[in-house]
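Novice: turn this into a structure:
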Amino acid sequence: MLDIEDRVVRALYEAATGALAWPEALHALSGEFDAMVCQYLVVDRASGELAVCEQPHGVAVDALLDYIREYHRIDPHTKAFAARPIGTVLHSAVEFPPERMNGHRFYDEYWKPYGIKSLLGAKVAETGRHIAIGSIVRSVDAPEFSSDEVSLASRYLGHWVAALRIAQRVERLSLTATVGQRMMLSSDQPMLLLSPSGMIAARNPAADRYLAESRLFIATDRLSARDRDADAALMQALQQVTAPGTSGARRALRLGGAGGEVALCTLWDMSAESAMGAFGRNRCVLLSITHPRLGEVPDPQFIGALFELTPAEARLASLLAAGHDLKQIAKMQNLSLHTVRTQLHSVMEKTGTRRQADLVQLTVRAAAP
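Specialist: This next block holds a predicted model:
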């Protein structure tokens, strides 16, 4: 039987009362299970909006962004967590065995490509408005959770429940833009949160560095391009993704300047109804900027927005353009060759290409400087 660590328990109580940052407590818990990540999510029951999303510092946010933009809509675990009593452990490999879930979009397009094997988790608190979920996620390279580890997780999650009850933290939660903004801070890609008129609501350090060196953009309170035509294109794209009836819209935009600099920009509508409220209730757009360079994998976000591909389809197109074949891609993403071929067929339909070589040429050309 595995022993519980007092320091981890103490960290959970301190995080619940605000004496310790949640990422530090989750980092301590991750270490006990050799987990790829431990997460703490709080979701609004009625709207599905995300009130809190915490994970250890240094964990890539790409998977989280894909989740709030696309895959939360088909996540089979959320309802299962909600239906269970507080503190009751859900083991995904038992509740959703791989042989039964094979072919499910959530697993084929999200879990497998991001290298997720299974999770242990529980509903750790709830109110009339919110449900809080704690989870321990293990990668495909790690063994399946043992019965001892399930028992140990149950004890830790029990302390997590007690900590939140004592602190009554869930009762004080409010929906703010901090969830999305904290995701931005963890990304190495330049990201800015803009109003429909181009006013800058937030930007991450990568964006600060890029804008300080850029000859293409001017950033004061409003983001604008130095080139008049590029600025007009940027403003038009903002209006298009925030127009009435365009919830969840996205747009790929290539901007250039007189100095020869090129930026591949991806604009995503992050309105509350399309992005789980992670970026607040006001209408806003997440702008991601990519430096196009020869020899690099084309940015899947840009390719996805350009051709209206799902995140899984965009990853496939980008990896093909980078020189990988279908067998390699299937192995890299823990998918069957049949699944990858099915995705390829969908990508070729959406891009209007008939041969794989044509698709690669189109993708490389789209992402070239």
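
Novice: how far off centre is the helix or strand K350 falls within?
Specialist: Per DSSP states H and E: K350 is located in helix 337-351. Relative to the chain's own centre, helix 337-351 is displaced by 23 Å; criterion: CA atoms, centre = their mean, to the nearest Å.

Novice: can you start the count at 152 instead of 1 from here on
Specialist: That works, and once the first residue is 152, the last one we named lands at helix 488-502.

Novice: and the strands in the chain?
Specialist: 188-195, 201-205, 241-242, 267-277, 281-290, 342-345, 351-354, 368-370, 374-376, 401-407, 413-420, 436-441 (DSSP state E).

Novice: can I get those in a markdown table with mean pLDDT, mean neighbour count and distance to E500?
Specialist: (C-beta placed from N, C-alpha, C; glycine too.) Converted to a markdown table, the strands of the chain look like this (pLDDT from 0 to 100; neighbours: other CB atoms under 10 Å; distance: least, CB to CB, whole Å):
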| stretch | mean pLDDT | mean neighbour count | distance to E500 |
| --- | --- | --- | --- |
| strand 188-195 | 92 | 23 | 34 |
| strand 201-205 | 86 | 22 | 32 |
| strand 241-242 | 98 | 19 | 37 |
| strand 267-277 | 95 | 23 | 28 |
| strand 281-290 | 95 | 22 | 32 |
| strand 342-345 | 94 | 24 | 31 |
| strand 351-354 | 91 | 19 | 36 |
| strand 368-370 | 87 | 18 | 35 |
| strand 374-376 | 91 | 20 | 34 |
| strand 401-407 | 92 | 20 | 18 |
| strand 413-420 | 94 | 23 | 22 |
| strand 436-441 | 94 | 24 | 25 |
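
Novice: which of these sits closest to L171?
Specialist: Closest approach to L171 among the strands of the chain (CB to CB): strand 201-205, 11.4 Å.

Novice: which residues sit against the closest one?
Specialist: With contacts defined as CB atoms under 8 Å, 6 or more residues apart in numbering, strand 201-205 is touched by 173-174, 177, 190-195, 215, 219, 223, 281, 283, 324-326, 330, 333-334, 427-429.

Novice: where is the longest helix in this protein?
Specialist: In the chain, with assignment by DSSP state H, the single longest helix is helix 298-318.

Novice: rewinding a little: for the helix holding K501, buried residues please.
Specialist: The neighbour-count check on helix 488-502 (16 or more other CB atoms under 10 Å) flags T490, V491, Q494, L495, V498, M499, T502 as buried.

Novice: distance-wise, check the third one relative to P462.
Specialist: Relative to P462, Q494 is positioned 11 Å away (CB to CB, to the nearest Å).

Novice: got it, and the fifth one?
Specialist: Using CB to CB, one obtains 12 Å as the distance from V498 to P462.

Novice: and what of the last one?
Specialist: Look at T502 and P462: by CB to CB, they are 16 Å apart.

Novice: now swap in the fourth one and tell me
Specialist: In this structure, L495 lies at 15 Å from P462, with CB to CB as the measure.

Novice: over to the second one?
Specialist: Summarising the geometry, the distance separating V491 from P462, computed by CB to CB, is 14 Å.

Novice: spatially nearest residue to Q494 (excluding sequence neighbours)?
Specialist: Nearest residue to Q494, sequence neighbours excluded (CB to CB, 6 or more residues apart in numbering): L467, at 5.1 Å.

Novice: check L404 too.
Specialist: Nearest residue to L404, sequence neighbours excluded (CB to CB, 6+ apart): C416, at 4.4 Å.
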